[in-house]
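Enquirer: model this:
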Amino acid sequence: MILRTQKLTKHFGGIVALDAVSVEFHPGSITSLIGSNGAGKSTLFNVIAGLLTPDSGDVFLGNGNNIRLNGLTTHVVARHGIGMLFQDVRVFRKLTALENVAVGAKHQIGEHPAVAIFRRRACAARERVILDQARESLDFVGLADKAHLWAENLSYGEQKLIALARLLACDARVLLLDEPTAGVHPSRIDQLLGLIQRLADDHNRTVIMIEHNRDVVARVSDRVYWLERGAIIASGPAAQVLCENSQPQSAPKL
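Expert: Have a look, this model is predicted:
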């Protein structure tokens, strides 16, 4: 589904983190947000995910009957298919890789004590389905052979792959990837970027990345939005923006 923002504004005291930001993200494409530290990229992610409330403006999801996301709680936003991969990888260190992915699955009827007691067969059947889906997600990211290992015993890059697999298990259709290659060993970066490309090209996910590595942006991005001081100063195809605005001096008319 298309995700778009309309004149999003967010202040932190006298600091303008977002200044009437209007952007649009499409399924089957990878869009990168670039800019210096403090430009507003993470704030935009946090508003979209429901972690922050904008001072004004809107976030919409959908192709026709738009769902207004701002004002919804984080878990409700997630139920609408918005998933976030944090820069600082977040896994349950004392759970296995498989268990880490399985906790992200939807419709876990065993979460309700009464259901777990009186519908044990239904819970067991649902658990089998969830574990099968988790195995499929782990296989997609190339970690099927490490499903039984505790997350804390895996490398940082592998933990990021677990977190990505968990987003797939919860069927996130819009993926917010905050510096997905940061801290990942160079030997894992090609694998990670290949997976991100497949999610857009083959699975029609809407992929949005914050990324400081220009080579990564140029390699996988279809479109780029350049933010500085909370405002969009350039946008367009990745090759065009990176080439024409390597040293942006002023905000072009958009």
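
Enquirer: can you map out the helices along the stretch 101-250 of the chain?
Expert: 113-118, 120-140, 156-169, 186-201, 214-220, 238-244 (DSSP state H, counting those that start in this stretch).

Enquirer: pLDDT score for the nearest residue to Gly62 once chain neighbours are set aside?
Expert: Closest residue in space to Gly62, ignoring its immediate chain neighbours: Met1 at 5.4 Å, by C-beta to C-beta, 6 or more residues apart in numbering. Backbone N, C-alpha and C define where each C-beta goes, glycine included. Here, the pLDDT recorded for Met1 equals 75.

Enquirer: neighbours around Met1, how many?
Expert: Neighbours of Met1 under the rule other C-beta atoms under 10 Å: 19.

Enquirer: nearest to Lys146, of the helices of the stretch 101-250 of the chain?
Expert: helix 156-169 (6.9 Å; C-beta to C-beta).

Enquirer: CA atoms of that closest one as PDB?
Expert: The C-alpha coordinates for helix 156-169 follow below in PDB (Å, rounded to 0.1, in the frame of the first residue of the first chain):
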ATOM      1  CA  TYR A 156      25.400  -8.600  15.200                       C
ATOM      2  CA  GLY A 157      24.600  -9.000  11.500                       C
ATOM      3  CA  GLU A 158      22.800 -12.300  12.100                       C
ATOM      4  CA  GLN A 159      20.800 -10.600  14.800                       C
ATOM      5  CA  LYS A 160      19.700  -7.900  12.300                       C
ATOM      6  CA  LEU A 161      18.600 -10.700  10.000                       C
ATOM      7  CA  ILE A 162      16.500 -12.200  12.800                       C
ATOM      8  CA  ALA A 163      14.900  -8.800  13.400                       C
ATOM      9  CA  LEU A 164      14.100  -8.600   9.700                       C
ATOM     10  CA  ALA A 165      12.700 -12.100   9.700                       C
ATOM     11  CA  ARG A 166      10.400 -11.100  12.600                       C
ATOM     12  CA  LEU A 167       9.000  -8.300  10.500                       C
ATOM     13  CA  LEU A 168       8.200 -10.800   7.800                       C
ATOM     14  CA  ALA A 169       6.500 -13.100  10.300                       C
END
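
Enquirer: tell me which residues are up against that helix.
Expert: 83-86, 89-91, 97, 100-105, 130, 133-134, 137-138, 140-143, 146, 151, 154, 175, 180, 183-185, 188, 191-192, 195, 199 (C-beta atoms under 8 Å, 6 or more residues apart in numbering).

Enquirer: where does pLDDT dip in the stretch 101-250 of the chain?
Expert: Where the stretch 101-250 of the chain drops to pLDDT under 70, the residues are 106-120, 122-123, 126, 245-250.

Enquirer: thinking again about what came up before, next up, the contacts around the residue nearest to Gly62.
Expert: Pro27, Leu61, Gly62, Asn63, Gly81, Arg173, Val174, Thr206.

Enquirer: now do Glu244
Expert: Residues counted as contacts of Glu244 (C-beta under 8 Å, 6+ apart) are Ala234.

Enquirer: can you count the residues close to the residue nearest to Arg173 when sequence neighbours are not counted?
Expert: Leaving out its chain neighbours, the residue that sits closest to Arg173 by C-beta to C-beta, 6+ apart is Gly81, at 3.8 Å. Neighbour count for Gly81, taken as other C-beta under 10 Å: 19.
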